[in-house]
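Engineer: show me the folded form of this:
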Amino acid sequence: QVQLVESGGGTVQAGESLRLSCTYSGRTFSRSNMGWFRQAPGKEREFVAAIHWSGDTNYRDSVRGRFTVSRDNAKAAVYLEMNSLKAEDTAVYYCNANGSYRGSLYVPHVRWWGQGTQVTVSS
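Structural biologist: A predicted model of the protein is given here:
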């Protein structure tokens, strides 16, 4: 059993920053691939960023250079540092655990999702 709890969402102005956190409990975090996804109203959930258990990262094109995903194995946590936020970043952000990779594509685990945290960016 895996439990994920996201935090750090909020309402900010365009150009500002937020840092999301996702704490993990259950299986061995240090060997878990982790991903961040988001879902805007009326849209499908989309990939944002992922971090392999080895530390390798990848991002969707629209956030590369603005967002940074990191992990702290000692704290069993993964983070998403979001800078230069834009209105189009507004969404509920979800953490996913124990996903797999198909090439460089992070494939989320169907079961291990957090409850989500709202990020609202006003322009």
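
Engineer: what's the burial count for the spatially closest residue to residue 108 that is not a sequence neighbour?
Structural biologist: Excluding the flanking residues, the one nearest residue 108 by CB to CB, 6 or more residues apart in numbering is residue 96, at 4.2 Å. All C-beta atoms are positioned from the backbone trio N, CA, C, and that covers glycine. Residue 96 is flanked by 26 other residues according to other CB atoms under 10 Å.

Engineer: centroid residue for the chain?
Structural biologist: residue 36 (2.3 Å; CA atoms, centre = their mean).

Engineer: my guess is it contacts residue 96. True?
Structural biologist: Yes - contact criterion CB atoms under 8 Å: residue 36 and residue 96 qualify, at 7.5 Å.

Engineer: residues contacting residue 11?
Structural biologist: If you count contacts by CB atoms under 8 Å, 6 or more residues apart in numbering, residue 11 has them with 120-122.

Engineer: give me the buried subset of the residues you listed.
Structural biologist: The neighbour-count test (16 or more other CB atoms under 10 Å) marks residue 121 as buried among the contacts of residue 11.

Engineer: let's have the contacts of residue 11 in CSV, adding pLDDT, secondary structure and distance to residue 54.
Structural biologist: Below are the contacts of residue 11 laid out as CSV (pLDDT from 0 to 100; DSSP: H, G, I helix; E, B strand; the rest coil; distance: CB to CB, whole Å):
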residue, pLDDT, secondary structure, distance to residue 54
120, 98, strand, 33
121, 98, strand, 32
122, 97, strand, 37
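
Engineer: closest one to residue 103 out of the contacts of residue 11, please.
Structural biologist: residue 121 (31.0 Å; CB to CB).

Engineer: show me the shaky parts of the chain.
Structural biologist: By pLDDT under 70, the chain contains no weakly predicted segment.
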